[in-house]
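Engineer: The sequence and its predicted three-dimensional model are supplied below.
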Amino acid sequence: MTQKILNISSASSDWRGLALSNFVLSPFVLDGALYASVEGFTQGIKFAENDINRRAAFESSGWPAKYLGETADRSGAYWQGHRIPYGSDEHHRLIERAIRARILQSEGLRAALKSTAGMTLIHEPGTGAESPTTSLPATVFCRILTQLRSELLDDVSSAMIDR
Ligand SMILES: Nc1c(N[C@@H]2O[C@H](COP(=O)(O)O)[C@@H](O)[C@H]2O)[nH]c(=O)[nH]c1=O
């Protein structure tokens, strides 16, 4: 029987869930700059542009990125000279651009996401209750992936980094 629920996280039992998780080392380019992983990007933007932890996070993935992010004060996100209110829609949209960039820049990831058609995407990393200060709630993450999947299934050429 086909599995109807797919966990997109480093704790997934499905290789596609692992590949599509933010934790994985998976380089992408956003606005002309190179990042090692979406997790590194997500944690790095919590640090101001002159903070050395920012670059270190951008060059990392998985738990090292996550642990670095735990040292941030979580009051804002910093991008192109602007401070974005932490946890705001604008903050989530910035992370969404990174998620979309990574997947859209890889034919394999695009195909992997499309191959989950019909499945409900969830994010259950198995690390206990979601942090109230998470910068990417599971609901937002799954909404982003589900929306991108539907764009890819409809017409590959219409899916872009900026919606
Ligand atoms: N803890 C965990 C994941 N958590 C990831 O952390 C990010 C949000 O970070 P934060 O703002 O610190 O709450 C987001 O990308 C979420 O997917 N992911 C995984 O695959 N496996 C894990 O074990």
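Structural biologist: Sure thing, it's come through. Numbering: from 1, shown residues only.

Engineer: Show me where this protein has its helices.
Structural biologist: With DSSP state H, the ranges of helices along the chain come out as 15-19, 38-44, 52-58, 62-69, 89-104, 107-114, 138-154.

Engineer: How about stretch 135-145 and the ligand, touching?
Structural biologist: Yes. Against the ligand, stretch 135-145 shows contacts by C-beta under 6 Å from any ligand atom at Ser135, Leu136, Phe141. (C-beta placed from N, C-alpha, C; glycine too.)

Engineer: what does stretch 103-110 give?
Structural biologist: No. With C-beta under 6 Å from any ligand atom as the criterion, the ligand is not reached by stretch 103-110; the gap is at least 13.5 Å.

Engineer: still on that earlier bit, okay, the helices of the chain in CSV with mean neighbour count and mean pLDDT next?
Structural biologist: Below are those laid out as CSV (neighbours: other C-beta atoms under 10 Å; pLDDT from 0 to 100):
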stretch, mean neighbour count, mean pLDDT
helix 15-19, 17, 98
helix 38-44, 27, 98
helix 52-58, 18, 98
helix 62-69, 18, 98
helix 89-104, 19, 98
helix 107-114, 15, 98
helix 138-154, 17, 97
